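*Asks:* any chance you can model this:
(one chain, ligands or ions: 1)
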Amino acid sequence: MMYDLGIIGAGPAGYVAAERAGHKGLKVVVFDKRHLGGVCLNEGCIPTKTLLYTAKLYENALNGEKYGISCSKVAFDMGRIMERKDRVVKKLVGGVASALKSAKAEVVYSEAVIEEKKSDHIVICAGNQKYECRNLLIATGSEAAIPPVKGLDKSNALTNREILQLKEIPKSINIIGGGVIGIEFAGFYNSMGAKVSVFEMLDEILPGVDKELSVMLRRELTKKGVDFYLGAKVEEVKGTAVVITAKDGPSEIQADKLLVAVGRKMNVGGIGLEKTGVEFSPKGIKIDNHCRTNIPNIYAAGDITGFSLLAHTAYREAEVAVNHMTGEKDVMRYDAIPGVVYTNPEIAWAGLTEEEAVSRGISFKKASLPLAYAGRFVAENEGKNGLIKVIAGEKYGEILGVHIIGNPSSELIYGAAMAIEMQMRVKDMREIVFPHPTVSEIFKEIAFTL
Ligand code: NAI
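*Replies:* Okay, the predicted model is just below:
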């Protein structure tokens, strides 16, 4: 049977493409060898945020005194926590299934391999059946990279996948990699009472995040008891112990569990890409700003493209690809993609960091303000600090970057992304009426300091 669009991979890129294309009247088939929702829904964004919310509640209960509430015998039941996490995932995966059904997209739960590229269509083989597709979207995503560290393999190390199946909170955990995954899990296990050690090869955690903010978060987590080893490239592990080279020779940091979170490996293998002429490397598939590969009817979206590695980028890339294949004008822009680290406190940002603005030679002005300038923040964050930093063009005051540490920055940052995307100036921000009292008023407040 001939389809208008075949999609390999039903993660955020794949399922959104299927939904949008189906609603546009395209005949769509989407293949996945594991489950709907990909890493994000099953072993990434959603289960981790479910667990992190539990950790936040637990921490709040333990610190209830600060708000005049005495909680005695605060305890948690890991079985019920994991059960709720699984229920949340199941509900959302079910939601994707019904969305695809209402878009009339066919779902094939089977490994799909490109068999042949014909002049005007591609033949896909899945579960011993052949599917002919006028267009193909590759959305096979990524998986945890296991670095070539002596003694490290899947038998002693957990990745984001296995750690989400742990039935108990370990007494201690070593985490290799101080990136987003490492730090979110460090936050979770620290809140739940484990001794956490993070090993990061660079001189600061969270590469790519505004440095002032990552330092603030690291200090906050250190206060809560997390041990950070910076400039510590892990080159050897012994079981779950990490071997580090200190001044007086090597030493071993013991822990009950070991998590490895040093980045992702793109799933470019085993799908028959080499038969298509599509340009790709282990770093991912090359696309243009319509999310099209060098082959006109083959598109790619999501982690497989190798540079953004965020579910929300994947959604948008999928939309751009579908719009382009149906002749609708649309272009992918990466200037205002928000980023969030869902720790407690959260970090969120959109646009350029100060370091990026400097390296691109952009003339800019900047301002920082404690979140305590927003009454709501003070009301709800007893004894906590937060900060917002805004970077704006020197001459016209266009907003280039916004960086926030403090809760609930994850829910505020879309406002900054909109401002950057719509090329708003600081002056425009001053004229907007924000609801009072909300933490969002900080945008207006800081606009008057720029
Ligand atoms: P990452 O690229 O964010 O961080 C990996 C860290 O490991 C880096 O800081 C790197 O310097 C360090 N590293 C590498 N080799 C090392 C070694 N041998 N010893 C010590 N440190 C070493 O990768 P991560 O955390 O695995 O996350 C993967 C992707 O998942 C990210 O790119 C992110 O976009 C996405 N993600 C996003 C989340 C969010 O939006 N909140 C949450 C979790 C993941």
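
*Asks:* residues in the protein within reach of the ligand, list them.
*Replies:* Residues of the chain lying near the ligand by Cβ under 6 Å from any ligand atom: 147, 149, 176-182, 184, 199-202, 207, 233-234, 261-264, 309-310, 340-342. C-beta here means a position set from N, CA and C on the backbone, and glycine is covered the same way.

*Asks:* quick one: buried ones out of those residues?
*Replies:* 149, 176-182, 184, 199-201, 234, 261-262, 264, 309-310, 340-342 (16 or more other Cβ atoms under 10 Å).

*Asks:* the spatially closest residue to residue 106 that is not a sequence neighbour - how many residues pack around it?
*Replies:* Leaving aside its sequence neighbours, residue 106 sits nearest to residue 29 (Cβ to Cβ, 6 or more residues apart in numbering; 4.5 Å). Other residues near residue 29 number 22, with proximity taken as other Cβ atoms under 10 Å.

*Asks:* what is whatever helix or strand residue 29 lives in packed up against?
*Replies:* Using DSSP states H and E, residue 29 falls within strand 28-31. In terms of contact count using 3 or more Cβ pairs under 8 Å, 6 or more residues apart in numbering; DSSP states H and E, strand 28-31 is assigned the packing partners strand 2-8, helix 12-23, strand 106-108, strand 122-126.

*Asks:* please redo it, this time with the cut-off set to 10 Å
*Replies:* strand 2-8, helix 12-23, strand 106-108, strand 112-117, strand 122-126, strand 129-138 (3 or more Cβ pairs under 10 Å, 6 or more residues apart in numbering; DSSP states H and E).

*Asks:* mean confidence score for the following helix or strand past that strand?
*Replies:* For strand 28-31, the following helix or strand on the C-terminal side (DSSP H and E) is helix 38-43. When pLDDT is averaged over helix 38-43, the result is 97.

*Asks:* how about residue 268, nearest residue that isn't a chain neighbour?
*Replies:* residue 280 (5.2 Å).

*Asks:* for residue 113, grab the count of nearby residues.
*Replies:* 16.

*Asks:* ok, it - contacts?
*Replies:* By Cβ atoms under 10 Å, 6 or more residues apart in numbering, residue 113 lies in contact with 8, 31, 123, 124, 125, 126, 270, 271, 272, 273, 275.

*Asks:* just the helices in the chain please.
*Replies:* 12-23, 38-43, 45-62, 78-102, 160-163, 180-191, 211-223, 311-325, 354-359, 375-380, 409-421, 426-430, 441-447 (DSSP state H).

*Asks:* can you redo the ones you listed as CSV with distance to residue 293?
*Replies:* Below are these laid out as CSV (distance: least, Cβ to Cβ, whole Å):
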stretch, distance to residue 293
helix 12-23, 14
helix 38-43, 20
helix 45-62, 26
helix 78-102, 24
helix 160-163, 28
helix 180-191, 27
helix 211-223, 35
helix 311-325, 10
helix 354-359, 28
helix 375-380, 46
helix 409-421, 26
helix 426-430, 38
helix 441-447, 39
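
*Asks:* what's the least confident stretch among the ones you listed?
*Replies:* Going by mean pLDDT, the lowest-scoring of the helices of the chain is helix 354-359, which has a mean of 93.

*Asks:* can I get that one in PDB, CA atoms only?
*Replies:* C-alpha atoms of helix 354-359 as PDB (Å, rounded to 0.1, in the frame of the first residue of the first chain):
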ATOM      1  CA  GLU A 354      26.400  36.100  28.300                       C
ATOM      2  CA  GLU A 355      29.300  33.800  27.200                       C
ATOM      3  CA  GLU A 356      27.700  33.200  23.800                       C
ATOM      4  CA  ALA A 357      27.000  36.900  23.200                       C
ATOM      5  CA  VAL A 358      30.600  37.700  24.000                       C
ATOM      6  CA  SER A 359      31.900  34.900  21.700                       C
END
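
*Asks:* how about the residue of the chain at minimum distance from the ligand: what's its closest non-neighbour residue?
*Replies:* Residue nearest to the ligand within the chain (Cβ to the nearest ligand atom): residue 179, separated by 1.8 Å. Distance criterion Cβ to Cβ, 6+ apart; nearest residue to residue 179, sequence neighbours excluded, is residue 261 at 6.1 Å.

*Asks:* I'd say the one you found and residue 178 touch.
*Replies:* Yes. Using Cβ atoms under 10 Å, residue 261 makes contact with residue 178 at a distance of 8.5 Å.
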